[in-house]
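show me the folded form of this:
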Amino acid sequence: MQSARASPIELEVGRIRELSKDGRHSEALVAAELLAVAAPQNRDLLYLIAANQRCLNRIHAALETLRRMEQLHPRFSLLYQERGYCYTTLRDAPRAIEAFLRGVDINPALAKMKNLPPEVVRAGSLFSDGDLSAAENILRAYLRTSSDDVEALRLLARIQHQRDVLDEAESLLEAALEVKPNYVAARLDYVRVLIDRQKYLRAREETDTLLRLEPGNRAYLSLDAAACVGLGEYEPAIALYRELLAASPASADLHVSLGHSLKAVGRKKEATESYEMAAAARPSFGDAWWSLANLKTYRFSQNEIVQMRAEEAAPGTDPVDRYHLSFALGKALEDRNEFAESWQFYERGNALKRAESRYHPDITETNTRKQVEVCTAQFFAARVGVGVPNLDPIFIVGVPRSGSTLIEQILASHSLVEGTHELSDIQRIVVEIRGLEDNRYPAVLAELAPEEFRRLGERYITDTRAYRQGKPFFIDKMPNNFCHIGLIHLMLPNAKIIDVRRDPMACCVSNLRQLFARGQEFTYSIEDIARYYRTYLELMRHWDAVLPGRILRVWYEDVVEDLEGNVRRILEFCGLEFEPACVEFYKTERSVSTASSEQVRRPIFLGGLFQWRNYEPWLGPLKDKLDDALIRYRE
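Sure, this is the predicted structure:
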């Protein structure tokens, strides 16, 4: 990631900071006060004015500067640290302590930073105060000359983790641990990054290392449980969560985590009880209420709805809790056929979630155009025979909420097929081959030698063994992988690919009523989901043209209307004999962790085809945005 070019004011602030570090406080103060005429609210500049005033023993002037600064930047922790220094100079111990404690309350790192290099101290303060770009710039400049400073490496990794730049966060923490293998805090951060990157097997290995050092550490046990969940090992996770709850029975977060694991293995009654205990322990905890709603079968009482309304409307409710509550209220009112107000809450939840998202539809559409330009019929013809010949993967792709979990459950009910869950291995390979430059993919595919596709295919097969128990075939159901069918074909030319498609109105409205645990950022506005659906159709049309016969298209509505006929068609495409268990898929006992987990444990419900019509009065904009996709989806 490239640092942004500094503005003239930032450059001058940097020069003033150097004057101050050199002890030239009078020069620094004069320059700072002059610059303040042009930038009177600049936080760093005000801080430098106050610090240099103190160093020149102009304590009361410094305190006045800090007072003005507090009105503008009340969460800047160094402000309170500087105020503490001023009161220390005045020998006013009570006020000094109060100021220092306030600074530490905002930024706990202040309490342990005094022995670190000044650059790391400053970057740490900026990080805690939310100024990630400034902190990153300082750390990158510092690491150019001090590349083995583990604190700087860890702090930069935390910045990148917060920004969701997970591949760099992982490599930075690996570098820190190579320098200092016993650095427990860095290893703990490393486990968190591995879990977010869905490298669950590695995460478990790292938690084992941490637990050998401190067997009862609750943070380590909690991460170990999360890694177990990622691997589909729900029973060990349930045991770990119960162990943790025995010591902290009022932990709402642990109750929700336990509930998710119980839900995944079909223990719905226990899952419901866990979610209810979470809501009772912390009534403002939106995730607890949404988890109940997301069971799809839970019906809220009038008292619960009143309680959710109050929490959602409370001024102090955290935005994350608020949008969880909004989605939960949308579902609660939907179940009461109060569709007008239900839609209002869904709209509110979507707007709040979209406001925090960094999704840009232009990026998705640009990538689609590049796939069409790069992955031509001639491109594939020139690469016949690359990859590995394995037959075992069955990919299920499409737009979320199209029925992919149903098709997965049907296939996983076959004696020769293993159901896994939504695997991120293809996306990880994409990140690896494109490097740090997003715009290299998919053009980079043309640069890869044939042996590279074999290596990537072999690695995919090796890495996915962690989710398998030994059956001949396994399912990789990650809907968004339709973006990477070209790569999948080159790595695994014999893998089966099934595109599950649903009526665009039903599909898009279902997405707008769903709050996903992570990802799927395109589902939180009518504009975004409509553009995404149209982009999906465009790219699938291209794959059909350049890889004819490679993909089986399955329409959800057809499966609902003729289950056995479509089951036979799917099994034939996969080279599998018909088995009656695939028609009685709802009897199959396996873990399911997606939003449709409860639906696939029941026979197909015909009424679900037209649920979107309950909201038809408010869907004019969606129909307009989808346009001809309303017809083209049957291609």
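
which parts of the stretch 401-550 of the chain are helices?
Ranges of helices in the stretch 401-550 of the chain, per DSSP state H, counting those that start in this stretch, are 404-412, 425-434, 450-464, 485-491, 504-512, 526-546.

weakest of these in terms of mean pLDDT?
When the helices of the stretch 401-550 of the chain are compared on mean pLDDT, helix 425-434 scores lowest, with a mean of 89.

ok, and what's touching it?
167, 197-199, 440-441, 444-445, 448, 456, 459-460, 463-464, 476, 478, 480-481, 484, 487-488, 491 (C-beta atoms under 8 Å, 6 or more residues apart in numbering). Glycine gets a C-beta too; all of them are placed from N, C-alpha and C.

just the CA trace of that helix, in CSV.
Output of helix 425-434 as CSV, limited to C-alpha atoms (Å, rounded to 0.1, in the frame of the first residue of the first chain):
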residue,chain,number,x,y,z
ASP,A,425,-9.3,-21.0,-0.5
ILE,A,426,-10.0,-19.7,-4.0
GLN,A,427,-10.0,-16.2,-2.8
ARG,A,428,-6.8,-16.7,-0.9
ILE,A,429,-5.1,-18.0,-4.1
VAL,A,430,-6.4,-14.9,-5.9
VAL,A,431,-4.8,-12.7,-3.2
GLU,A,432,-1.6,-14.6,-3.5
ILE,A,433,-1.2,-14.3,-7.3
ARG,A,434,-2.2,-10.7,-7.6
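
pLDDT wise, what is the residue most central in space within the chain at?
The residue lying closest to the centre of the chain (C-alpha atoms, centre = their mean) is R518, at 4.3 Å. At R518, the pLDDT value in this model is 83.

please tell me how far the residue lying closest to F610 once chain neighbours are set aside sits from L515.
Leaving out its chain neighbours, the residue that sits closest to F610 by C-beta to C-beta, 6 or more residues apart in numbering is A506, at 7.5 Å. As judged by C-beta to C-beta, to the nearest Å, A506 and L515 stand 18 Å apart.

between those two, who's got more neighbours?
L515 (24 against 20; other C-beta atoms under 10 Å).

name the SS class of the residue nearest to the more buried one when sequence neighbours are not counted, please.
Sequence neighbours aside, F327 is the residue nearest to L515 in space, at 4.3 Å (criterion: C-beta to C-beta, 6+ apart). Following DSSP: H, G, I helix; E, B strand; the rest coil, F327 is assigned to helix.

which residues are in contact with F327?
Shown in contact with F327 (C-beta under 8 Å, 6+ apart): W290, A293, F345, Y346, G349, R513, Q514, L515.

at 6 Å what do you get?
Residues counted as contacts of F327 (C-beta atoms under 6 Å, 6 or more residues apart in numbering) are W290, G349, L515.

check which residues of stretch 166-179 are buried.
L166, D167, E168, A169, E170, L172, L173, A175, A176, L177 (16 or more other C-beta atoms under 10 Å).

distance of the fourth one from S251?
To tie it back to what came earlier, the one meant is A169. 27 Å.

R568 versus D562, what's the distance?
10 Å.

neighbour count for the two, which is higher?
Taking other C-beta under 10 Å, D562 and R568 do not tie; R568 has more neighbours (16 against 12).

secondary structure element holding that one?
Counting by DSSP states H and E, the element that carries R568 is helix 563-573.

list the buried ones in that helix?
Buried residues in helix 563-573 (16+ other C-beta under 10 Å): L563, N566, V567, R568, I570, L571.

what comes into contact with that helix?
Defining contact as C-beta under 6 Å, 6+ apart, one finds that helix 563-573 is touched by I410, L552, D558, V559, F578, C582, V583.

pull it out as PDB, backbone CA atoms only.
What follows is helix 563-573 as a C-alpha-only set of coordinates in PDB (Å, rounded to 0.1, in the frame of the first residue of the first chain):
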ATOM      1  CA  LEU A 563     -37.300 -31.900  -6.800                       C
ATOM      2  CA  GLU A 564     -36.500 -35.400  -8.000                       C
ATOM      3  CA  GLY A 565     -36.100 -34.500 -11.600                       C
ATOM      4  CA  ASN A 566     -33.600 -31.800 -10.800                       C
ATOM      5  CA  VAL A 567     -31.800 -34.000  -8.200                       C
ATOM      6  CA  ARG A 568     -31.300 -36.600 -10.900                       C
ATOM      7  CA  ARG A 569     -30.000 -33.900 -13.400                       C
ATOM      8  CA  ILE A 570     -27.500 -32.600 -10.800                       C
ATOM      9  CA  LEU A 571     -26.200 -36.000  -9.900                       C
ATOM     10  CA  GLU A 572     -25.800 -37.100 -13.500                       C
ATOM     11  CA  PHE A 573     -23.800 -33.900 -14.200                       C
END
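
for it, the distance to its chain's centre please.
Relative to the centre of its chain, helix 563-573 is centred 35 Å away, using C-alpha atoms, centre = their mean, to the nearest Å.
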